[in-house]
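In: Fold the following, please.
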Amino acid sequence: MKSLNKVKPQIEEINGLRCVIVEQNIDESRADFLTRLLLHNGYAVEKSVDAEGKITLGVTDLLFNPVIDVYKRRLRSFTGHKVTPAYWLQLSDTETIDEVQYWGKK
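Out: So this is what the prediction gives:
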């Protein structure tokens, strides 16, 4: 099961640039989704592929923290709504209704 549980971001060099690691050991479809979402939100994205074809994805903004930015709802979906953890993890394509607080939904 996927999770968002690293509180402290990991910083590594990708393609000669220092990056905050967004996710490691992911496949091409997951990397494409995250790349498009992060680019849409104004982040410069770098990726590297290992010998087994697994991808490491990072952003050059060293202040970015995937856990904090997702749970504080700082990211926007392609339609302009706030990204939820389920949307980030691709468990649901449901976006938030920004006028309704998530703790008030039933």
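
In: Direction included, what does the strand ranked longest in the chain pair up with?
Out: Among the segments of the chain that qualify as a strand by DSSP state E, the longest is strand 17-26. With DSSP bridges as the test, strand 17-26 is paired with strand 11-14 (antiparallel), strand 55-59 (antiparallel).

In: Show me where the protein has its helices.
Out: Assigned by DSSP state H, the helices in the chain fall at 28-40, 66-71, 85-88.

In: now those helices as TSV including mean pLDDT?
Out: Shown next, in TSV, are the helices of the chain (pLDDT from 0 to 100):
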stretch	mean pLDDT
helix 28-40	97
helix 66-71	91
helix 85-88	91
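
In: so which of the ones you listed gets nearest residue 77?
Out: helix 85-88 (6.4 Å; C-beta to C-beta). No exception for glycine: its C-beta is placed from N, CA and C like everyone else's.

In: which intervals of this protein have sub-threshold pLDDT?
Out: Low-confidence segments of the chain (pLDDT under 70): 1-7, 94-106.

In: Apply 50 and report the result again.
Out: Along the chain, the parts satisfying pLDDT under 50 run over 1.

In: In stretch 53-73, which residues are buried?
Out: Neighbour-count burial for stretch 53-73, with 16 or more other C-beta atoms under 10 Å as criterion, is recorded at 55, 56, 57, 58, 59, 64, 65, 66, 67, 69, 70.

In: Tell me how far it lies from the chain's centre.
Out: 5 Å (C-alpha atoms, centre = their mean, to the nearest Å).

In: Distance of residue 49 relative to residue 71?
Out: With distances taken as C-beta to C-beta, to the nearest Å, residue 49 is found 29 Å from residue 71.
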